[in-house]
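K.L.:
Dropping the sequence and predicted coords here.
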Amino acid sequence: MEERWNGYGPPVCAGLGGGLALAAVWVCMNLEQGTPWDRACVAAAVAVLTAASVCLLRLEGVREDSLLVMLLPIGAAMLVRVLCLDHVTLDYEDFLHHWYVYFQENGGFQGIAGSVGDYNMPYLYFMAAISYLSVPDLYLIKLFSILWDVLLAWGCLRLVRSLTRERQGSAAPLIAFGAALLLPTVVLNGAYWAQCDVIYGALAIHAAALALEGQNKTSVALMGIAFSFKLQSIFVLPLWGVLWLAGRVKFRELWMFPLAYLATILPAMVLGKPLGDILGIYVTQLGEYPRLTLNAPSVYQFIPYGVQVDGALAGKLGIAAAGALVLALLALGFWLGDRLNRETIMAIAVVLCVGVPFFLPHMHERYFFLADVFTLCWACANWRRLPAAVLAGGASLASYCVYLRLKYNCVLNLGGMRFVMGLEALAVLAALVFSLWALTGEIRRTKERAV
């Protein structure tokens, strides 16, 4: 059976993958917006991204037969994305398109100096750049996120390979690459929703892989760039504090974080953007949404719908709980010291990605993106961690559906009280409990090896 697969499997997968890739190009040529030339440009971009996916695998030393097999998930991933390109969401209509028009009307990069949007500078550079192009901005915004989808898959391969490097010939890294491209929340976030959480997600995954490989300066710098794109990168940022307290990262290497962030905002300052406006973006975001949860499967979903609570107090308690979790993990890193191994580091990263947004107030449904991709990598590296990926990813996907369908999935009525997203929150809580249990197991094994 194995010989038959080796003989026929790779060519069949390559043929199917190539067919799906060609179908993706055909769909691009029949999109609803733009001129035939615009649609041809989109098709060419998709072809380039498909080729880039293959080149990245080749760069990582993937064998030719495995490369042929990987053409199938790559082709499928591109096809499903281009089928989403024409979809228009409220976020695009109410925000992203208006930012694009602003840059068109204010001289592209010259508009950086003005006040537009609530995203940080790197994404606004992109919006300014595409304002010079004739291709419909809806497609350009989504293609940018799809580019980062490919980079995310590459990062997942590298992270899983770092976790499984003792297992020579393991298929886990390739499984992670394909699974990341096809993960529903990754597909929906960029190609369907026109959001960009994949950018800081990809950077954080690459940073974690580099940290496990001992490339600390580059790892910390990538986290600085991730932070410059989205504040939500702070969910996993304490991991580098753990590594520092354990002695795996030197204090002087942590300076790469502010230096990388400074490098991303310098162009805006040169273009006339006041430093106070740049630094105030995240402060503004913190007070932008007063609700305790915005369709996020967080602890606040356990408050019955319509019940009046002291929101300020509840928010402070959640912040305190998230802070306590972070402090406990920092203390763990200090206590373990040089006994901190890769498996424990990964478990800590997962606990942070799941636990911090679970406790913090004012979270959106998209803010569990890091939890989705880190638990995916964890499960690919060790199939016994699959429950965390299923629970976190399933809850995150269900939360996306609430926003995208504008309808709750399953409303629970218990004792006269309604819980509109109680099941989703229970799933995340279960993922957190499972992750903490797995972390305690890693700590126990570390102690046993030290004896």
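P.N.:
Looks like it came in fine. For clarity, every value in this text was computed on a predicted model and none was experimentally measured.

K.L.:
hey, where'd the helices end up in the stretch 1-150 of the chain?
P.N.:
Using DSSP state H, counting those that start in this stretch, the helices of the stretch 1-150 of the chain run over 2-28, 36-59, 64-82, 90-91, 97-105, 121-130, 137-163.

K.L.:
Let's have the ones you listed in TSV, adding mean neighbour count.
P.N.:
All C-beta atoms are positioned from the backbone trio N, CA, C, and that covers glycine. Below are the helices of the stretch 1-150 of the chain laid out as TSV (neighbours: other C-beta atoms under 10 Å):
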stretch	mean neighbour count
helix 2-28	15
helix 36-59	17
helix 64-82	21
helix 90-91	12
helix 97-105	17
helix 121-130	20
helix 137-163	24
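
K.L.:
quick one: which of those helices is nearest residue 271?
P.N.:
Residue 271 lies closest to helix 121-130 among the helices of the stretch 1-150 of the chain, at 9.1 Å (C-beta to C-beta).

K.L.:
Which elements pack onto that closest one?
P.N.:
In terms of contacts (3 or more C-beta pairs under 8 Å, 6 or more residues apart in numbering; DSSP states H and E), helix 121-130 is packed against helix 97-105, helix 137-163, helix 216-229, helix 256-270.

K.L.:
before we move on, back to that, CSV for the helices of the stretch 1-150 of the chain, including distance to residue 423 and mean pLDDT?
P.N.:
Converted to CSV, the helices of the stretch 1-150 of the chain look like this (distance: least, C-beta to C-beta, whole Å; pLDDT from 0 to 100):
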stretch, distance to residue 423, mean pLDDT
helix 2-28, 34, 86
helix 36-59, 35, 97
helix 64-82, 26, 96
helix 90-91, 25, 92
helix 97-105, 34, 96
helix 121-130, 33, 96
helix 137-163, 27, 98
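
K.L.:
circling back: would a markdown table of the helices and strands packed on helix 121-130 with distance to residue 328 be doable?
P.N.:
Putting the helices and strands packed on helix 121-130 into a markdown table (distance: least, C-beta to C-beta, whole Å) gives the following:
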| stretch | distance to residue 328 |
| --- | --- |
| helix 97-105 | 40 |
| helix 137-163 | 23 |
| helix 216-229 | 21 |
| helix 256-270 | 22 |
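
K.L.:
Residue 426: which of those helices is closest?
P.N.:
When the helices and strands packed on helix 121-130 are compared (using C-beta to C-beta), the closest one is helix 137-163, at 26.9 Å.

K.L.:
what angle do that closest one and helix 64-82 make?
P.N.:
Helix 137-163 runs at 150 degrees relative to helix 64-82, counting by axes from the mean of the first three to the mean of the last three C-alpha atoms, to 10 degrees.

K.L.:
Name the next helix or strand downstream of helix 137-163, please.
P.N.:
helix 172-182 (DSSP states H and E).

K.L.:
Next, the buried residues of the longest helix along the chain.
P.N.:
Determined from DSSP state H, the single longest helix within the chain is helix 422-450. By neighbour count on 16 or more other C-beta atoms under 10 Å, the buried set for helix 422-450 is 422-432, 434-436, 438-439, 442-443.

K.L.:
swap in stretch 349-363?
P.N.:
Buried, per 16+ other C-beta under 10 Å, within stretch 349-363: 349-363.

K.L.:
What mean pLDDT does that stretch get?
P.N.:
The average of the pLDDT scores along stretch 349-363 is 97.

K.L.:
out of the helices of the stretch 1-150 of the chain, nearest to residue 234?
P.N.:
Closest among the helices of the stretch 1-150 of the chain, using C-beta to C-beta: helix 121-130, at 16.2 Å.

K.L.:
thinking again about what came up before, quick check: which of the helices of the stretch 1-150 of the chain is nearest to residue 240?
P.N.:
helix 137-163 (14.9 Å).

K.L.:
For residue 418, which residues are in contact?
P.N.:
Neighbouring residues of residue 418 by C-beta atoms under 8 Å, 6 or more residues apart in numbering: 304, 305, 306, 411, 412.

K.L.:
same check, this time on residue 388
P.N.:
350, 354, 375, 378, 379, 431, 434, 435, 438.

K.L.:
Determine which two of those residues are furthest apart.
P.N.:
Based on C-beta to C-beta, the longest span within these runs between 354 and 379 and measures 13.0 Å.

K.L.:
who touches the closest residue to residue 379 other than its chain neighbours in this structure?
P.N.:
Once flanking residues are discounted, residue 379 sits nearest to residue 389: 3.9 Å by C-beta to C-beta, 6 or more residues apart in numbering. By C-beta under 8 Å, 6+ apart, the residues touching residue 389 are 375, 376, 378, 379.

K.L.:
any chance of the helices of the stretch 1-150 of the chain in JSON lines, plus distance to residue 285?
P.N.:
Formatted as JSON lines, the helices of the stretch 1-150 of the chain follow (distance: least, C-beta to C-beta, whole Å):
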{"stretch": "helix 2-28", "distance to residue 285": "34"}
{"stretch": "helix 36-59", "distance to residue 285": "30"}
{"stretch": "helix 64-82", "distance to residue 285": "28"}
{"stretch": "helix 90-91", "distance to residue 285": "15"}
{"stretch": "helix 97-105", "distance to residue 285": "15"}
{"stretch": "helix 121-130", "distance to residue 285": "13"}
{"stretch": "helix 137-163", "distance to residue 285": "20"}
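
K.L.:
And residue 344, how far from residue 423?
P.N.:
According to C-beta to C-beta, to the nearest Å, residue 344 stands 31 Å off from residue 423.

K.L.:
and residue 307, how many residues sit next to it?
P.N.:
Using other C-beta atoms under 10 Å, residue 307 has 8 other residues around it.
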